[in-house]
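Student: give the three-dimensional model of this entry:
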Amino acid sequence: MDSFILSLAFGVAYLIRFDGMPPSGVRGTALIQIPYATLLQLLILSLAGLHKTSWRYVSLADVPRIAVGLGAATALLMALRFGLPDRFQIGRIPLGVIAADAMLAGVGLIAARILRRLQSEHWERKRFGAVRRIEAKRVLLIGAGRAGAMVARELVNRPDVGMTPVGFIDDDLGKIGTYIHGLKVFGGTQELHDVVEGHDVREAIITIANATGETIRRLFKLCEEVPVPVQIIPGIYEILDGRVSVTRMRKVQIEDLLGREPVELDKDGIAGFLRGKRVLVTGAGGSIGSELCRQMCGYGPAELVMLEQAENPLFAIDGELRGRWPEMRLVPIIADVCDTKRLEDVFGMCKPEVVFHAAAHKHVPMMELNPGEAIKNNSMGTAKVADAADRVGCEVMVMISTDKAVNPTSVMGATKRVAEIYVQAMARKSKTRFVAVRFGNVLGSAGSVIPIFEKQIASGGPVTVTHPDMRRYFMTIPEACQLVTQAASMAEGGEIFVLDMGEPVKIVDLARDMIRLSGFTEGRDIEIKFTGIRPGEKLYEELALDVEGVNKTLHPKIYIGKLEPYPWEQVMEIYDKLQHVTETREILAVRKRMAELLPEFQDAAKDDAVSLEEILSRTPAMGSDQQNPLRSEQ
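Tutor: Numbers count the residues shown, from 1 in each chain. Reported below is the predicted structural model:
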């Protein structure tokens, strides 16, 4: 096709040059010049990569290839025009012909590709329409940017999706009245009601790829007021993961309303850190551990060892990863991080080079009643994993910590702080780089607030919130795990990394949003009930101690807490005494000893006159005047 277009363009260029009547001698010369000029142009266009592109998916990105190729060919023909000696007169093409030929060839090559794409899209529409003939739903696209244009094009070409786009609304004044893929931008969001009514819109779709939570919340409320059902295109993580396409619409979720900015990673640095390494993840069946395993596979480790105490979650993540990465060497291992001998056997057999320690007891109220078990798993278990990593010469061990380890008021937070102390102390005496990473709550993790709210709403309520002023930092599981991996690649040893969790979110606001997202009205359909702060909880969580502050790193969302490591002898004393007291199985005794050994643990057990019942009924909480130093420093 290109040969035909180039030959035809060259012939027409001669006709233009000589007003449609080239002399007889010139006609003979032109016939001889057509094949040599066409072959030369074809060769240069091929070198420019033009013939490696698919005509079905031609776009503006292909135009520069055509322009560069034809520009180079034109320059060469002009050089031959002036450089060839007189005896090669047959190869000297008139300048007017060269100029006209370049323009005609460019138009012809682009037009042919556009026509092929239009033909392909027409066939595709017919094929999909024949496969699935359903009544299409009229939809309005909110957002006429790149993502909106992608969605519009796909919906126009895919009748099987069952949606017919009628147009856009967008607050960008420069876009109002314009057309994108044949669809009009009707106006701004303030005209949503009129557009829905005037064009029989049955559903709205938010097509803003990186919209903030505030923007999505505003648009969701506008659609509720019309009212019109609203969906949203997939989040950035889902699209980048390759799990869904941009046209796989879904309902607006609580993660969308929180609207955190996408995390930008040094993927080359992370890949260089993990590629070809033997990686071990403890707690591999949990929310954080399983996501770490998924992300590890994407960086090409030599082997991924998944260590988990519970059989069913391990079976699930093992099956999922084998389906997605069949070439990956996966080693599922049932083991308890408190079992020293088993850990020694596993580490000795697998010899991991990078360890992510995500195994932990994490539920705050439950650990208040089981402090000995919290110490054994969170503190002693971390020490045993660290000892095993040191013994086999691991390069890096990363402990997953929590914001509850800062000025802990709960047993869970205190045991995590003790684990941090051990990891920091080990970093000073080991060749292994030991680090800890602190972050807050992750959305959708097992036992977290969102699954609980979902069950309460499904059962008709009430939705229980502990306190109207209760706030928490939230992060999506993929985002948290990506930052953990990034921090691990930056580790030098001994750091306690603090992740920027954004702004704290009121739990009662989450509850209200989830009630609305479920199609109910607060107070009429679903009640919100305040139950009071539970033992060990704070009203507000911190990410770094006031006395320690944080230092910046090269990554804008990762900081380093300024904590002085404990001397090794003091760490050993803490662990020996905690080990001894856990064997008593007396809740009050365990709490008192932990409060004595960890001065920052804000526990009522420090008062000898206080009974266990009084401790569990108290609700130590931070005052509203306290601030997160990470946020204030920023």
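
Student: what residues does the helix or strand that contains Lys341 touch?
Tutor: Here Lys341 sits within helix 340-350, counting by DSSP states H and E. Residues outside helix 340-350 that contact it (C-beta atoms under 8 Å, 6 or more residues apart in numbering): 278, 280, 303, 305, 307, 331, 333, 335-337, 384-385, 387-389, 391-392. Every C-beta, even on glycine, is put in place using the N, C-alpha and C of the backbone.

Student: what mean pLDDT would you report for that helix?
Tutor: Averaging pLDDT along helix 340-350 yields 95.

Student: the helix or strand following it pairs with which strands, parallel or anti?
Tutor: Downstream of helix 340-350, the next assigned helix or strand under DSSP H and E is strand 354-357. In the sheet, strand 354-357 lines up against strand 278-282 (parallel), strand 396-402 (parallel) (DSSP bridges).

Student: distance check, the residue lying closest to Val331 once chain neighbours are set aside against Ile288.
Tutor: Spatially, and ignoring its direct neighbours in sequence, Val331 is nearest to Val305 (4.5 Å; C-beta to C-beta, 6 or more residues apart in numbering). From Val305 across to Ile288, the span is 16 Å (C-beta to C-beta, to the nearest Å).

Student: with Ile450 instead?
Tutor: 15 Å.

Student: what number of residues lie near Gly28?
Tutor: A count of nearby residues for Gly28, using other C-beta atoms under 10 Å, gives 12.

Student: my guess is it is in a helix, correct?
Tutor: Yes. Assigned with DSSP: H, G, I helix; E, B strand; the rest coil, Gly28 falls within a helix.

Student: that one: what's it in contact with?
Tutor: Contacts of Gly28 (C-beta under 8 Å, 6+ apart): none.

Student: who has more neighbours, Ile450 and Ile288?
Tutor: Using other C-beta under 10 Å as the criterion, Ile450 and Ile288 rank with Ile288 on top: 24 against 19.

Student: wait, isn't that one in contact with Ala358?
Tutor: Yes. In this structure Ile288 lies within contact range of Ala358 using C-beta atoms under 8 Å: 4.8 Å.

Student: what touches both of the two?
Tutor: Ile400.

Student: restricted to helices, list the contacts of helix 340-350.
Tutor: Counting by DSSP state H, the contacts of helix 340-350 place Lys384, Val385, Asp387, Ala388, Ala389, Arg391, Val392 in helices.

Student: tell me the pLDDT of Ile375.
Tutor: pLDDT, Ile375: 93.

Student: among the ones in helices among the contacts of helix 340-350, which ones are buried?
Tutor: Lys384, Val385, Asp387, Ala388, Ala389, Val392 (16 or more other C-beta atoms under 10 Å).

Student: closest one to Trp568 out of the residues you listed, please.
Tutor: Asp387 (12.9 Å; C-beta to C-beta).

Student: list the residues that contact that closest one.
Tutor: Thr340.

Student: sorry, back to before: closest to Met475 out of the buried ones among the ones in helices among the contacts of helix 340-350?
Tutor: Val385 (23.8 Å).

Student: so the closest one touches His357, yeah?
Tutor: Yes. Contact criterion C-beta under 8 Å: Val385 and His357 qualify, at 5.1 Å.

Student: what sits in contact with each of the two?
Tutor: Thr282, Val337, Met397.

Student: double-check that Lys584 belongs to a strand.
Tutor: Check again: residue 584 is Thr, not Lys. No. Assigned with three-state DSSP, Thr584 falls outside any strand and is coil.

Student: start at 521 instead
Tutor: Let's use 521 as the start, then, which means that last one is Thr1104.

Student: how near is the nearest residue to Ala906 once chain neighbours are set aside to Gln815?
Tutor: Of all residues not flanking Ala906 in the chain, Met946 sits nearest, at 5.1 Å (C-beta to C-beta, 6+ apart). As for Met946, its distance to Gln815 is 25 Å (criterion: C-beta to C-beta).

Student: could you do Val681 as well?
Tutor: From Val681 to Gln815 the distance is 30 Å (C-beta to C-beta).

Student: same check on Gly806?
Tutor: Gly806 sits 14 Å away from Gln815, going by C-beta to C-beta.

Student: okay, these two: which has more neighbours?
Tutor: Gly806 (25 against 18).

Student: any idea of the pLDDT on the more buried one?
Tutor: Reported pLDDT for Gly806: 89.

Student: hang on, isn't it packed against Ala878?
Tutor: Yes. Between Gly806 and Ala878 there is a contact under C-beta under 8 Å: 6.1 Å.

Student: okay, now Ile941: neighbour count?
Tutor: Using other C-beta under 10 Å: Ile941 sits among 25 other residues.

Student: check which helix or strand covers it.
Tutor: helix 931-949.

Student: which positions in the helix or strand harbouring Tyr556 come out as buried?
Tutor: Taking DSSP H and E as the definition, Tyr556 sits inside helix 544-567. Going by neighbour count (16+ other C-beta under 10 Å), the buried part of helix 544-567 is Thr549, Ala550, Gln553, Ile554, Ala557, Thr558, Leu560, Gln561, Leu562, Ile564, Leu565.
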